[in-house]
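Student: Please work out how this folds:
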Amino acid sequence: MSTRAGAPRPALLLLAYLAFVSLGLPDGLLGVGWPSIRTEFGVPTEAVGILLTVGAAGYLTSGVLAGFTLARLGIGRLLTGSTLLAGLTLTGYALSPRLAVMIGCAFLLGIGSGAIDSGLNAYAAAAFGPRHMNWLHAFFGLGVALGPLIMTGAISLGLGWRWGYATVAAAQLALATAFALTIRAWQHRSDTPGPVAGDSTPPPPAAPVPVGETLRLPAVWLGTLAFMLYVGVEAAAGLWAYLLLTEGRGVGAAAAGLCVSAYWGSLFVGRLVQGVLAERLGAARVLRANLYGMAVGAGLIALPAPAWVAVTGLVVLGFTAAPVFPLLTLTTAERVGAAHADRTIGVQIGASSLGVALLPAGIGVLLSRYSVEWLGPALVVLTIALIVLHTAASRRR
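Tutor: Next up is the predicted model:
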């Protein structure tokens, strides 16, 4: 645990963990729910790309601006408003009479989720320390792992995909209420951060710097590209694994849903375990080893083998991908300097929404026009590109 003067309040830590769970829940719903959604609305498989792209536009907008709005509103107000917006738009998902309405809700959901993600990451990077940073992202993995279970349960019980979204909407609205009741506590904590000896997390900047100065740093854009590739691999595997297992490998619907949950669950477990390893072995070593592990997992998915091999690949991919995002986020200040850190984290996380939208959507077109078996090779190519980019970024550091 981070050893700060004035340790994080347990209540705030709990809410931060719950916020990351809530961020992951909608992502886990879509992969299992999309076959039912596309059937009800009468749209092709690749139409999910429109939903993802519009959501990414909202995510990008709020994510990039979060570094600025955080300073003006404070983290408590930002989390309250953003979580409320996410809960209302998920309610809109559940009530959508056609895909066009859901697409409109996707933009607003992106606005809310992007602000939560960027704002809370920037706050946590300065306030909670390395172990909590990894564990916060572990709870994002827990949220995404719960999403397929919620949707699978709703569909298996005959309630339909709408009840999956309604359940998560209710949880988001409850969380927004909790944030509203603790606004002052968040503001007090954000006003009084301070490192102690032995804490490697850089302090927050003392004064703002020009936006252009931040954007001229090569490290900002190298980090942004790395985030885009990573989240693209993570999201594409989670989104299309269900389709691969059911249509390509002959796995039943309920079993495939559990396998997708196992993928996201491996992200949760991996971040819990490897957060501790990163502290003991060093972030750079753990990050590099897991990037190669991601390539191994993608390779197993690509093999023309029985279903259990692909499921093993999914679990390996999830476990090894686990520490990549939090370690890249945590070390942002080391690459760009404390004065640029909050703003850069916002840009990286906001722009990573493009990776979430464009890469899975592009793979969806590939699967629709050719075969679901192209998922594995596509993940291999993207993972190798991520390794090459990280190597180049490390040399430029």
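Student: hey, let's count contacts and neighbours off CA atoms from now on
Tutor: Noted.
Student: what ranges do the helices span in the stretch 201-350 of the chain?
Tutor: 211-215, 218-243, 253-281, 283-302, 307-321, 324-330, 332-336, 338-369 (DSSP state H, counting those that start in this stretch).
Student: where's residue 89 relative to residue 172, distance?
Tutor: From residue 89 across to residue 172, the span is 10 Å (C-alpha to C-alpha, to the nearest Å).
Student: Looking at those two, which is more packed in?
Tutor: residue 172 (27 against 23; other C-alpha atoms under 10 Å).
Student: is it true that that one touches residue 86?
Tutor: Yes: between residue 172 and residue 86 there is a contact under C-alpha atoms under 8 Å: 6.8 Å.
Student: residues near residue 167, how many?
Tutor: 16.
Student: Then residue 109?
Tutor: For residue 109, the count of nearby residues is 27 (other C-alpha under 10 Å).
Student: Name all residues that make contact with the closest residue to it other than its chain neighbours.
Tutor: Computed as C-alpha to C-alpha, 6 or more residues apart in numbering, the closest residue to residue 109 that is not its neighbour in sequence is residue 86, at 5.0 Å. Residue 86 is in contact with 108-110, 112-113, 169, 172, counting by C-alpha atoms under 8 Å, 6 or more residues apart in numbering.
Student: Sitting in strands, which of those do you find?
Tutor: Nothing among those maps onto strands, per DSSP state E.
Student: CSV for these, including pLDDT and distance to residue 122?
Tutor: Formatted as CSV, those follow (pLDDT from 0 to 100; distance: C-alpha to C-alpha, whole Å):
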residue, pLDDT, distance to residue 122
108, 87, 21
109, 86, 20
110, 84, 18
112, 82, 16
113, 80, 14
169, 89, 25
172, 85, 21
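Student: quick one: which of the residues you listed is nearest to residue 149?
Tutor: Looking at the contacts of residue 86 and their distance to residue 149, the nearest is residue 169, at 15.3 Å (C-alpha to C-alpha).
Student: Quick check, the closest one in contact with residue 92.
Tutor: No: between residue 169 and residue 92 there is no contact under C-alpha under 8 Å: 9.0 Å.
Student: what ranges of the stretch 1-150 of the chain fall below the confidence cut-off?
Tutor: 1-11, 63-74, 125-131 (pLDDT under 70).
Student: residue ranges of the helices in it, please?
Tutor: 10-41, 48-73, 75-95, 99-127, 130-156.
Student: So which of these is nearest residue 251?
Tutor: Comparing these by C-alpha to C-alpha, helix 10-41 comes nearest, at 13.4 Å.
Student: What is the closest one packed up against?
Tutor: helix 99-127, helix 130-156, helix 161-181, helix 218-243 (3 or more C-alpha pairs under 8 Å, 6 or more residues apart in numbering; DSSP states H and E).
Student: Please identify the buried residues of the shortest one?
Tutor: Pointing back at helix 161-181 there. Within helix 161-181, the residues scored as buried using 16 or more other C-alpha atoms under 10 Å are 161-169, 172-173, 175-176, 179-180.
Student: Could you identify the most distant pair in those residues?
Tutor: 161 and 180 (29.5 Å).
Student: Can you give me the neighbour number for the closest residue in space to residue 222 that isn't next to it in sequence?
Tutor: Leaving aside its sequence neighbours, residue 222 sits nearest to residue 393 (C-alpha to C-alpha, 6+ apart; 6.0 Å). Residues lying near residue 393 (other C-alpha under 10 Å) number 18.
Student: my guess is residue 354 contacts residue 226, does it?
Tutor: No: contact criterion C-alpha under 8 Å: residue 354 and residue 226 do not qualify, at 11.8 Å.
Student: Residue 58 reaches residue 111, doesn't it?
Tutor: Yes: using C-alpha under 8 Å, residue 58 makes contact with residue 111 at a distance of 4.5 Å.
Student: follow-up on the earlier one: turn the helices of the stretch 1-150 of the chain into TSV, including distance to residue 262.
Tutor: Listed next are those as TSV, based on distance: least, C-alpha to C-alpha, whole Å:
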stretch	distance to residue 262
helix 10-41	11
helix 48-73	23
helix 75-95	24
helix 99-127	23
helix 130-156	7
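Student: and of the ones you listed, who's closest to residue 291?
Tutor: helix 130-156 (16.2 Å).
Student: in the closest one, what counts as buried?
Tutor: For helix 130-156, the neighbour count (16+ other C-alpha under 10 Å) marks 130-155 as buried.
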